[in-house]
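K.L.:
3D, please:
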Amino acid sequence: MGKRWLIGALLAVLSVVGFASTFVCGGELTKDMGISPIVLVFLRFAIAGGAMLATGLASSRTRRALFALKPGDWRRLFWLGPIGTMVMAWCVFEGCARVPVANASMADALSPLGIFLVSVIVTRRATPLQILGLTLGFIGALFTIQILGANGLRLSAYGLGDVFILASAITWGVYTVFGRDDVARIGSAPFSTWTMLIGAALTVVAICILAASGATICWPHGPRAWGLVLFLGLFCTLLPFWTWNAAQNYLPLSVLGMSAYFTPVVAVLLDWAIRGHMVNGWQWLGTLLICASAVVETGRSR
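P.N.:
Numbers count the residues shown, from 1 in each chain. Model prediction:
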């Protein structure tokens, strides 16, 4: 149990850092550079999925795993892929274009709540400790992104961008809960590879439809923009998606979901390190509450 939890925790940490970097990188690409969110969705998963496919094809063992899927597996991938990649990422980048990094990172802070709600609907089971852990983590995330603070609850400044962030959390919950058995059955690498590539392919269709309807589609231009896109595809997508799916083999889903509460903390710290945005005392209080929620949930699962 100890070794499995250690491996799972390491995978979860890598996933959190990668996802947190998405919001910093996505904010600069959409808000500062004006790149269309739908374009970033395509590039993100084309790069990450292509890299995973190339890596998988290089080995005979992984190549067999990639193509050893049954018709039922493909049917599930074709509905889970768009939800967990194309729709989720489009909502994230639309949110990044409208709200600060800390607020956008609420996508991951809300994902444990999304996972919890979907799990309760599917299993119809919830324990008091599970609810306590989720409550502590959620309140901590609200402090971290400064919805809660010295002046109480501040909802008036939140609008459409936050609706996109909420939608991304719900789609990620669906992807995680309904994809868990598929990850265990076909493996995290094939599952991640094909959901990414399916999402990228369907995004091309969406881009063509938008372009045909007269919508403005802005692509990256210049070495810095393309460098950030490459970073987005590899470090912010390939790494966290694979580690998140792989961690499902080592950690209970409830504990893995709780790790997402740390994403706003990491995102705020990265924003401070890269852009100089200060971290205040209320945000540190949020961090402590998130840690407490993780302890409660981990103890319950053990």
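
K.L.:
how close does the nearest residue to residue 231 once chain neighbours are set aside sit to residue 19?
P.N.:
Excluding the flanking residues, the one nearest residue 231 by C-beta to C-beta, 6 or more residues apart in numbering is residue 25, at 6.1 Å. In this view, the C-beta of every residue, glycine as well, is placed from N, C-alpha and C. For residue 25, the distance to residue 19 (C-beta to C-beta, to the nearest Å) stands at 11 Å.

K.L.:
which residues touch the residue nearest to residue 231?
P.N.:
Residue 25 sits next to 228, 231-232, 236 when contact means C-beta atoms under 8 Å, 6 or more residues apart in numbering.

K.L.:
closest to residue 173 among the residues you listed?
P.N.:
Of all these, residue 173 sits closest to residue 236, with 19.9 Å by C-beta to C-beta.

K.L.:
give me the number of residues near residue 273?
P.N.:
Using other C-beta atoms under 10 Å, residue 273 has 11 neighbouring residues.

K.L.:
ugh, wrong one, residue 274
P.N.:
Applying other C-beta under 10 Å, I find that residue 274 has 13 neighbouring residues.

K.L.:
do you know how far it is from residue 224?
P.N.:
Taking C-beta to C-beta as the measure, residue 274 falls 14 Å from residue 224.

K.L.:
and what of residue 14?
P.N.:
The spacing between residue 14 and residue 224, counted by C-beta to C-beta, is 25 Å.

K.L.:
who has more neighbours, the two?
P.N.:
Per other C-beta under 10 Å, whichever of residue 14 and residue 224 has more neighbours is residue 14, with 18 against 12.

K.L.:
show residues contacting stretch 3-14.
P.N.:
Here stretch 3-14 has contacts from 239-240, 243-244, 246-247, 249-251, 255-256, 259, using C-beta under 8 Å, 6+ apart.

K.L.:
what segments of this protein are strands?
P.N.:
Along the chain, counting by DSSP state E, strands occupy 148-149, 152-153.

K.L.:
name the nearest of the contacts of stretch 3-14 relative to residue 182.
P.N.:
Of the contacts of stretch 3-14, the one sitting nearest to residue 182 (C-beta to C-beta) turns out to be residue 249, at 12.0 Å.

K.L.:
wait, the closest one sits on residue 184?
P.N.:
Yes. Here residue 249 reaches residue 184: they are 6.6 Å apart, a contact under C-beta atoms under 8 Å.

K.L.:
related to what we said a few turns ago, which of the contacts of stretch 3-14 count as buried?
P.N.:
Neighbour-count burial (16 or more other C-beta atoms under 10 Å) is assigned, among the contacts of stretch 3-14, to 239-240, 243-244, 246-247, 250-251, 255-256, 259.
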